[in-house]
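give me a 3D structure for the following:
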Amino acid sequence: MTERPVVKRTARAILLDGEPGSDALDMILIKRTKPGEAPYWITPGGGVEPQDTTVVAALHREVDEELGAKVVDVVPAFVDTVSHSLHHAAHGVKVQHFFVCRLASMDLSLRHGPEVDEPVGTYEVVRIPFTRKGIDSVEVVPPSLRSYLRENIEGVRALLAHDLG
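Residues are numbered from 1 along each chain as shown. As a prediction, the model looks like this:
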């Protein structure tokens, strides 16, 4: 089988707030509502841009733009690969890198970038309990991430454990 070219990469945060060992751990999501479409919930993040020196640098830039936030303890957790076409010309795949990270600070008044300056629909920052019930309460996309989180809550929490190394 021929390898498919990667035409887009994204960096997204499985952003947790609270202590991993505590029951009061929240996940921060963005509720997206576009005109004429049902709402859905996404993790903060977006495309890797040419000025980003690394995928992790893109993650930090995107979290700053979308949430006015800083994150720490960034750990790779999940990769999702889907078919993607770029400007109806280049056909290949989009690789989405999901990182578990801990919220260090957030000031929504510092949000900036295209989602804030020229929004298409609404971008509402929400918190859900980082539990199976919490994940089931919203329509997290992509579905592969929703399934991964639901089946691996304990493992995702363990990625932020103090003794991981």
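
is it true that P44 touches T10?
No. In this structure P44 lies outside contact range of T10 using Cβ atoms under 8 Å: 11.0 Å. C-beta coordinates here come from the backbone N, C-alpha and C atoms, glycine included.

those two: which is more packed in?
Higher neighbour count among P44 and T10: P44, with 26 against 19, using other Cβ atoms under 10 Å.

which residues touch Q96?
Q96 makes contact with 9-10, 12, 79-82, 142, according to Cβ atoms under 8 Å, 6 or more residues apart in numbering.

revised request: answer the last question for P129.
Contacts of P129 by Cβ under 8 Å, 6+ apart are 25-27.

again, only this time at 10 Å
Applying Cβ atoms under 10 Å, 6 or more residues apart in numbering to P129 gives the contacts 18, 23-27, 135, 137.

sketch out the low-pLDDT regions of this structure for me.
1-2, 20-21, 85-90, 165 (pLDDT under 70).

would you mind finding the longest helix in it?
For the chain, the helix with the greatest residue count under DSSP state H is helix 55-67.

buried residues in that helix, which are they?
Residues 56, 58-67 are the ones in helix 55-67 that count as buried (16 or more other Cβ atoms under 10 Å).

what's the spacing between that helix and its chain's center?
Between the centre of helix 55-67 and the centre of its chain there are 10 Å (Cα atoms, centre = their mean, to the nearest Å).

equivalent analysis for stretch 102-118, please.
When distances are taken as Cα atoms, centre = their mean, stretch 102-118 is centred 14 Å away from the chain's centroid.

please enumerate the strands of this structure.
Secondary structure of the chain (DSSP state E): strands at 6-17, 26-33, 40-42, 45-47, 69-86, 90-106, 122-129.

of those strands, which approaches L149 most closely?
Ranking the strands of the chain by proximity to L149 (Cβ to Cβ) places strand 6-17 first, at 7.1 Å.

just give the strands next to the closest one in its sheet, each with its orientation.
Here strand 6-17 is paired, per DSSP bridges, with strand 26-33 (antiparallel), strand 45-47 (antiparallel), strand 90-106 (parallel).
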